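Participant: Let's see this in three dimensions:
(chains A and B)
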There are 2 protein chains.
Amino acid sequence: MSLNFELLRETSTGGRRGRIDLPHQTVETPVFMPVGTQGTVKAVAQDVLESLGAEIILGNTYHLYLRPGHEAIRRMGGLHRFISWPRAMLTDSGGFQVFSLSDLRKVTDDGVQFRSHLDGSSHFFTPEHSMDVQIALGADICMSFDECTEYPADRARAEESLRLTMAWARRSLDHFRAHANDVPWRVDFAGRKQSLFGIVQGGMYHDLRRQCAERLVEMDFDGYAIGGLSVGEPRELTMEVIAEVLPVLPKDKPRYVMGVGYPDEIEQYARMGVDMMDCVLPTRAARHGLLFTSEGRVNIKNKKYAEDEGPPDPACDCMVCRRYSRAYLRHLMQAGEALTGTLNTIHNLAYYLGIMRRVRAGLEGAAPVKPIAREF
Amino acid sequence: MSLNFELLRETSTGGRRGRIDLPHQTVETPVFMPVGTQGTVKAVAQDVLESLGAEIILGNTYHLYLRPGHEAIRRMGGLHRFISWPRAMLTDSGGFQVFSLSDLRKVTDDGVQFRSHLDGSSHFFTPEHSMDVQIALGADICMSFDECTEYPADRARAEESLRLTMAWARRSLDHFRAHANDVPWRVDFAGRKQSLFGIVQGGMYHDLRRQCAERLVEMDFDGYAIGGLSVGEPRELTMEVIAEVLPVLPKDKPRYVMGVGYPDEIEQYARMGVDMMDCVLPTRAARHGLLFTSEGRVNIKNKKYAEDEGPPDPACDCMVCRRYSRAYLRHLMQAGEALTGTLNTIHNLAYYLGIMRRVRAGLEGAAPVKPIAREF
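Facilitator: Sure, this is the predicted structure:
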């Protein structure tokens, strides 16, 4: 048995208030998932993430495979135990990073040959290998191995990429199902296992996207992601693709849009019926001094904040806004102090998680959905 | 009125259990003071320092003068308020950093001309200016402006350096007393003000050290520091100088040894009768992966910890040792993750503060001292 998705409320425009029951955590949706690339949400300790209310975080398969290595993590009982994170986790397939970070890629139908961005060593990733690595890491949710179509891509390129992604989805699912008992967890969650999501690709071509979604749904994954967005396309296209794909996906399974976005985007997509989102933006921007606030974006490096004794965001009650001033955060940044990354990140995550909390509260007012929770 | 020092217990070998009542905090002694050079104990948030039980931290006058500038801090109500640290603080005089960090120093009887290590700009520090800066920063305890004698230094050099330090101590004290009401605190601590400590110099020459201490005591500072140690001399010499100077200092005022030391040193000096110590060692070593533990020093980068699921220190109950493994800390270090500095530093500070806690508990068993608390 994998995840259990309970759809609680639904608006006339498609917004969904739900609940994903995962082995390590029941996750209230729509949810924003902070990114913990190398087994740490950069600069923030796990107890702080807990106090911020993060219920699920991401780990990156590519990075963890290269360092410290999935076999080491497997021997230590999986990623949850290794990083001491008791709540839910999701790992990506490694595909996106192989394509965006590594050198000398060679793609065949079988898989991808690439060189590590760390030491130039040579590696070969197949759908089966991605599954093996993700099973070793032991996240609650794994992702099928896909090829993320770049933007722009002409139709021929998008079709070829889609063909590969579909074939790899099938192989991912078969291998994953065949090894469902290999997860290294040292805790038994009443026999509960990992889940696997399929990833909808197809570039910006609506018919390809629909076709991909339909075929994935036939394969019957535990959930469905929309990938290949936020790759440089105009935001309007992103929204159109999401709007095109969502109706094709089954209502009784979680829907995840990968790698988005700005605060107004995640709010918009959540209201459209997206259940899960992740993005490096709040954490990465924080390290560069960009704060998301109720008053808009604040570049804390700006000289005008040098003696600003006000909180980063007057409407925020996170631990950073309750205690520190803009002047202090600016000073930490100017002085190159490590604490700047920590405090900025905590605020930005609080802001993102707060948006989702408000969206969920808003959706509570929608019509209740006849219970459809079932075991997949 | 400045600090109030209460000597509670005293051992036959000179160890003292005391209490320093400062405007922002009553500090239990012997105490170790974490160093917060630029207005932050590197990589550790203020609430964590509080939970570790830190009662007093240091700020560096030289760094804060250069950035963000003492006038800005003064306008924002002082350093406590600027960095949101409600407990006690101590600022050094800036002298040590001027001599160790800045370029193109020129020392005259009047003061020191130097160039900023940040931008090469030219600055002139006098005892009066150091007091003005420290008053603007508003620490509970300020330090007189001194010249830290290098090691090794021949007798002529040590005598000349001492002459300067004595003249500057007098000027520091006069200027400090004349401006006792200039502190920018926005809270009134029942009229309580900053305190000023004199600094005993004299190189490794015992008679110079004694002579310096005697003359400083005549000037009647609020407390006395022993400076010019941990500058490269053998540890035996450090201990000898401390043993030589302590008996010259009045029993009813706090004694502070600056810039020491390793865990066994701070324990030893505390048992000898030193009330206050500070050192960058636990924080700086942490950032380089060196942990101080009950089992000795642990270089967390070592490959042997790659799959070590044990806590950094099995005998430690700090938030890091309760939650994380050596393997995880090693991974964070190998991966260059910011969290490594944070977690390592938290443990090392917990270890240092724990030593002082145990020393204080041990001293509780000593003979009670007839109350001598008074207003200085």
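Participant: Those residues of the stretch 51-200 of chain A touching chain B, which are they?
Facilitator: A:His63, A:Arg67, A:Pro68, A:Ala72, A:Arg75, A:Met76, A:Gly77, A:Phe82, A:Ile83, A:Ser84 (Cβ under 8 Å from any Cβ of the partner chain). C-beta: built from backbone N, CA, C; applies to glycine.
Participant: Out of these, which is nearest to B:Ile57?
Facilitator: Nearest to B:Ile57 among those: A:Ser84, at 27.6 Å, using Cβ to Cβ.
Participant: how about the nearest residue to that closest one, chain neighbours excluded?
Facilitator: With Cβ to Cβ, 6 or more residues apart in numbering or on different chains as the criterion, A:Ser84 has its nearest non-adjacent residue at 4.9 Å, and that residue is B:Arg323.
Participant: That neighbour and A:Glu50 touch, don't they?
Facilitator: No - contact criterion Cβ atoms under 8 Å: B:Arg323 and A:Glu50 do not qualify, at 10.6 Å.
Participant: So the two - more neighbours on which side?
Facilitator: Neighbours per residue (other Cβ atoms under 10 Å in any protein chain shown) separate B:Arg323 from A:Glu50, with B:Arg323 holding more: 16 against 13.
Participant: Backbone dihedrals for A:Glu10, please?
Facilitator: Main-chain torsions, A:Glu10, degrees, to the nearest 10: phi -150, psi 130.
Participant: Kindly apply the preceding question to A:Gln113 instead.
Facilitator: Here is the backbone geometry of A:Gln113 (degrees, to the nearest 10): phi -90, psi 130.
Participant: Residue of the stretch 101-250 of chain A closest to chain B, please.
Facilitator: Closest residue of the stretch 101-250 of chain A to chain B, Cβ to the nearest Cβ: A:Leu118 (9.5 Å).
Participant: Tell me how many other residues crowd that residue.
Facilitator: By other Cβ under 10 Å, the residues close to A:Leu118 number 12.
Participant: on contacts alone, who are the packing partners of the one helix or strand A:Leu216 maps to?
Facilitator: Using DSSP states H and E, A:Leu216 falls within helix A:206-219. If you count contacts as 3 or more Cβ pairs under 8 Å, 6 or more residues apart in numbering or on different chains; DSSP states H and E, helix A:206-219 packs onto helix A:155-178, strand A:195-200, strand A:223-226, helix A:235-245.
Participant: Dump the shortest one to CSV, keeping only the CA atoms.
Facilitator: The C-alpha atoms that make up strand A:223-226 are tabulated as CSV, following Å, rounded to 0.1, in the frame of the first residue of the first chain:
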residue,chain,number,x,y,z
GLY,A,223,0.1,10.6,-8.4
TYR,A,224,0.9,12.8,-11.3
ALA,A,225,3.4,15.6,-11.7
ILE,A,226,3.6,18.3,-14.4
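Participant: got a list of contacts for that strand?
Facilitator: For strand A:223-226, contacts defined as Cβ atoms under 8 Å, 6 or more residues apart in numbering or on different chains pick out A:3, A:5, A:141, A:143, A:195, A:197-200, A:209, A:213, A:216-217, A:241-242, A:245, A:249-250, A:253-258, A:276.
Participant: same check, this time on the longest one
Facilitator: The contact list for helix A:155-178, computed with Cβ under 8 Å, 6+ apart, reads A:93, A:107, A:109, A:126-128, A:130-132, A:135, A:142, A:144-147, A:149, A:153, A:194, A:196, A:198-199, A:201-205, A:208, A:211-212, A:215-216, A:219, A:221.
Participant: Show me where the stretch 51-200 of chain A has its helices.
Facilitator: Applying DSSP state H, counting those that start in this stretch to the stretch 51-200 of chain A gives helices spanning A:61-66, A:70-75, A:79-83, A:95-101, A:127-137, A:155-178.
Participant: Out of those, point me to the one whose mean pLDDT is lowest.
Facilitator: Note on the helices of the stretch 51-200 of chain A: helix A:95-101 shows the lowest mean pLDDT, a mean of 84.
Participant: For it, list every residue counted as buried.
Facilitator: A:Gly95, A:Phe96, A:Gln97, A:Val98, A:Phe99, A:Leu101 (16 or more other Cβ atoms under 10 Å in any protein chain shown).
Participant: give me phi/psi at the residue of the stretch 251-376 of chain A found nearest chain B?
Facilitator: Ranked by Cβ to the nearest Cβ, the top residue of the stretch 251-376 of chain A for proximity to chain B is A:Ala338, at 4.1 Å. Dihedral pair for A:Ala338: phi -60, psi -30, per degrees, to the nearest 10.
Participant: Spatially, and excluding backbone neighbours, which residue is closest to it.
Facilitator: Closest to A:Ala338 by Cβ to Cβ, 6+ apart is B:Ala43, at 4.1 Å.
Participant: What is the burial count for the one you found?
Facilitator: B:Ala43 sits with 24 neighbouring residues when counted by other Cβ under 10 Å.
Participant: Could you do A:Phe124 as well?
Facilitator: Using other Cβ under 10 Å: A:Phe124 sits among 12 other residues.
Participant: next one: A:Arg177
Facilitator: Other residues close to A:Arg177 by other Cβ under 10 Å number 10.
Participant: can you check A:Asn181 too?
Facilitator: 8.
Participant: give me every residue that touches it.
Facilitator: Contacts here follow Cβ under 8 Å, 6+ apart; on that basis A:Asn181 touches A:Lys193.
Participant: Which residues are in contact with the residue nearest the centre of chain A?
Facilitator: By Cα atoms, centre = their mean, chain A has its centre lying nearest to A:Asp278, at 3.4 Å. Contacts were defined as Cβ under 8 Å, 6+ apart; by that measure A:Asp278 touches A:Phe32, A:Met33, A:Pro34, A:Val35, A:Leu58, A:Leu90, A:Tyr256, A:Met258, A:Gly259.
Participant: Can you report phi and psi for it?
Facilitator: phi -140, psi 160.
Participant: From B:Asn348, how far out is the residue nearest to A:Ser84?
Facilitator: 16 Å (Cβ to Cβ, to the nearest Å).
Participant: okay, now the residue lying closest to A:Gly138 once chain neighbours are set aside: neighbour count?
Facilitator: Spatial nearest neighbour of A:Gly138, chain neighbours left out: A:Gly78 (3.0 Å); criterion: Cβ to Cβ, 6+ apart. Neighbour count of A:Gly78, defined by other Cβ under 10 Å: 23.
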